[in-house]
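> Okay, here's the prediction I keep looking at, along with the sequence it came from:
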Amino acid sequence: MISLSGKVVGPGFLCLKEPGGRMSDNIKANLFESNNVVVTCSALDKLTTSLAEYWRDNVLVPSITSSSLTLLISDSWSHQRDGKDIFEKFKGCKRMEIPPKTTAKIQPVEVSFNHEYKVITRRIYDHVILDNIDIQMA
């Protein structure tokens, strides 16, 4: 999440794809602990209503102060759109939906952080290819 001033707000959300949707004891034992990352897992590699609710309860809600007005700009993913009541119960929170096929042009994270990251990544790949550097990039 990004504030109006461009600062990161709240923890990041990391969802691991795990068979059966549960973390194994091995993963739990070796999983790093951090106060700025919320980790969960799912059997699917798609956003579900329950994952959107988990994000809401564990990332969004703790990051919002009771007096703040919040504009939630989210993708038009079906599980967010179909579960309209997921975000409606919060006073002071208005959800606006990014129209389908426009994410790369207007989503704040996509046009700021992700765009810069993609440019840097492309330059590195181009340098390796153009200079015929013998390195595996994956």
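Cool, got the structure.
> So for M23, what's the pLDDT?
We have a pLDDT of 83 for M23.
> gap between it and S42?
11 Å (C-beta to C-beta, to the nearest Å). Yep, even glycine has a C-beta here, placed from its N, CA and C like the rest.
> likewise F90?
24 Å.
> Same drill for M23 and S42, tell me which one is more crowded.
Legend: neighbour count by other C-beta atoms under 10 Å for M23 and S42, higher for S42 (18 against 15).
> I figured the more buried one hits G21, correct?
Yes - S42 is within contact range of G21, at 5.3 Å (criterion: C-beta atoms under 8 Å).
> quick one on the thing from earlier: overlap in contacts, M23 and S42.
Residues touching both M23 and S42 (C-beta atoms under 8 Å, 6 or more residues apart in numbering) are L16.
> give me the number of residues near the nearest residue to L44 once chain neighbours are set aside?
Nearest residue to L44, sequence neighbours excluded (C-beta to C-beta, 6 or more residues apart in numbering): K17, at 7.2 Å. If you count neighbours by other C-beta under 10 Å, K17 ends up with 11.
> ok, K17 - contacts?
Counting by C-beta under 8 Å, 6+ apart, K17 touches 41-45.
> again, but for C15
Applying C-beta under 8 Å, 6+ apart, we find C15 in contact with 39-42, 51.
> Keep only those of those that are in strands.
Taking DSSP state E, the ones among these that sit in strands are 39-42.
> Export the residues you listed to a markdown table and append columns for distance to L130 and pLDDT.
As requested, the ones in strands among the contacts of C15 are exported to a markdown table (distance: C-beta to C-beta, whole Å; pLDDT from 0 to 100):
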| residue | distance to L130 | pLDDT |
| --- | --- | --- |
| V39 | 38 | 89 |
| T40 | 41 | 88 |
| C41 | 40 | 88 |
| S42 | 40 | 89 |
